[in-house]
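> give me a 3D structure for the following:
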Amino acid sequence: MDLLIRSIPEVLTMNPEIGDGELGVLREVSVGFEDGRLVYLGSDQGAQKARKVLDGRGCVALPGLVDCHTHALFAGSRADEFRRRLAGESYTAILEQGGGILSTVRATRAATDEELLGLLHARLTGFLHSGVTTVEVKSGYGLSLEQEVRLCRLMAESDWPIAVYTTFLGAHAIPTEWRSDRDQYVRCVIEEMIPAVADLADAVDVYCDRGAFTLDEARAILSAGLKAGLHGRIHAEQVEHTGSAKLAAEMGCLSADHLEQIDADGIAAMAKSDLVGVLLPGAQLYLKDPAPPVRALRDAGVPLAVATDFNPGSSPVRDLMTCATLACLQMGLTVEEAFLGITRHGARVLGADDRGWLGKDSAADLALFALPPGESSSAALIQYLGGHTLRAVVRGGQLAYSE
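Residues are numbered from 1 along each chain as shown. This next block holds a predicted model:
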């Protein structure tokens, strides 16, 4: 084999067909890779020789983590707005005054391709060094035909250290130059932007909320994206209840994200569909929002993913495992739900069926975390807030990072 990780005390395969419980737990096993595939998952005694061998003692192995909601392609800083929010200004008020998303749009438009590529490469490398092997990145800081196509092209045509799924978010905000004719901007998104990015992006997203896009506008934009062959996603029920989660369920979207203000009808609609709810505890923390109704979502059987929502304003958070912990502390997830949220359920949001789990036909991606000193259970990775020690990351069967 090309690579063997030996003597791992606990492997969370997220595959209940081959391990214990809903996390598919295997104990005291080795994992082997060859020719870009996972070829061995079993006892140390049964493992073949390998060209490179790592010691997994004292560690927990998971599938490569999946961050299914980020806004990682941007330029500029919003540190001053952080000060303003600490002083009492709301995120929505800053946006309506031309700040927030719109300030990042100005900085991103002004940046060169080389600058944006360098920034995104550095951020994706940071994700890799926290155990993430698959990430979704949204456009949405261009907000013009030329700029949105540029952002999607930069994401789609570059060789990144981790797998990148591109989401078109031209419906992120109404740009300043279109404020007097928002209907014309919506038509531009539908008639010009979506056809131009359909071969570059994997999904279309809409920010449906106060200060952003209305429910009718979201319906029209999602319809155009789905017709163009893109998966549908929506920023739903964050600041105000809009009915957007119910809309996403009715339209066959893959996810509704945020959900702080979702109501019983929205939950029922999600439960009847294949829609995944994406929880974003970083944004909840920074914006001081209420928690989504996790118990009601759980009781209805809605699968829940967890993501960083990494962006320069409302969630400048890049550590997905830390977000899993926050989802437990702030939102009421169980440890098991948190692990599934950053692996298998996150991959489901992206339509990436081979990711987020380990076994036959899975992607050959793995993250190996050291347990905190004195700990012996994988639950400690969720219990401890930050400061995780990553021993190694395997991506596509190759060692992508080693401590």
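
> so when I look at Tyr207, I'm seeing a strand, right?
Yes - under DSSP: H, G, I helix; E, B strand; the rest coil, Tyr207 sits within a strand.

> tell me what it is bridged to.
Judged by DSSP bridges, the bridge partners of Tyr207 are His235.

> give the contact list for it.
140, 169, 171-173, 213, 235 (Cβ atoms under 8 Å, 6 or more residues apart in numbering). From N, CA and C alone the C-beta is placed, and that goes for glycine too.

> the same query, at a cut-off of 7 Å, please.
171-173, 213, 235 (Cβ atoms under 7 Å, 6 or more residues apart in numbering).

> and Gly36, by the same measure?
364, 396-397.

> could you rerun that using 8 Å?
364, 396-398.

> give me the pLDDT value at it.
The predicted structure scores Gly36 at 97 on the pLDDT scale.

> and it, how far from Arg51?
Distance from Gly36 to Arg51, counting by Cβ to Cβ, to the nearest Å: 14 Å.

> hang on, the earlier thing: ok, and the most crowded of the contacts of Tyr207?
Highest neighbour count within the contacts of Tyr207: His235, with 32 neighbours (other Cβ atoms under 10 Å).

> just checking, it touches Gly211?
No - using Cβ atoms under 8 Å, His235 is not in contact with Gly211, being 11.6 Å away.

> quick check: the spatially most distant residue from the centre of the chain vs Gly359, distance?
Distance from the C-alpha centroid of the chain peaks at Gln45, with 37.2 Å (Cα atoms, centre = their mean). In this view, Gln45 and Gly359 are 20 Å apart by Cβ to Cβ.

> in three-state terms, label Glu148 for me.
Under three-state DSSP, Glu148 comes out as helix.

> and for it, the neighbour number?
27.

> excluding chain neighbours, what is closest to it?
Gly142 (4.2 Å; Cβ to Cβ, 6 or more residues apart in numbering).

> ok, how many other residues are close to the residue nearest to Gly359 when sequence neighbours are not counted?
The spatial neighbour of Gly359 that comes closest, neighbours along the chain excluded (Cβ to Cβ, 6+ apart), is Asn15 at 4.4 Å. Residues lying near Asn15 (other Cβ under 10 Å) number 22.

> start at 35, not 1
From this message on, residue numbering opens at 35, which makes the last subject Asn49.

> Asn49 contacts Trp391, correct?
Yes - the pair Asn49 / Trp391 is scored as a contact, 4.7 Å apart, by Cβ under 8 Å.

> shared neighbours of these two, which are they?
Joint contacts of Asn49 and Trp391 (Cβ under 8 Å, 6+ apart) are Gly58.

> that older thread, quick check: the residue nearest to Gly393 vs Leu60, distance?
Asn49 is 9 Å from Leu60, by Cβ to Cβ.
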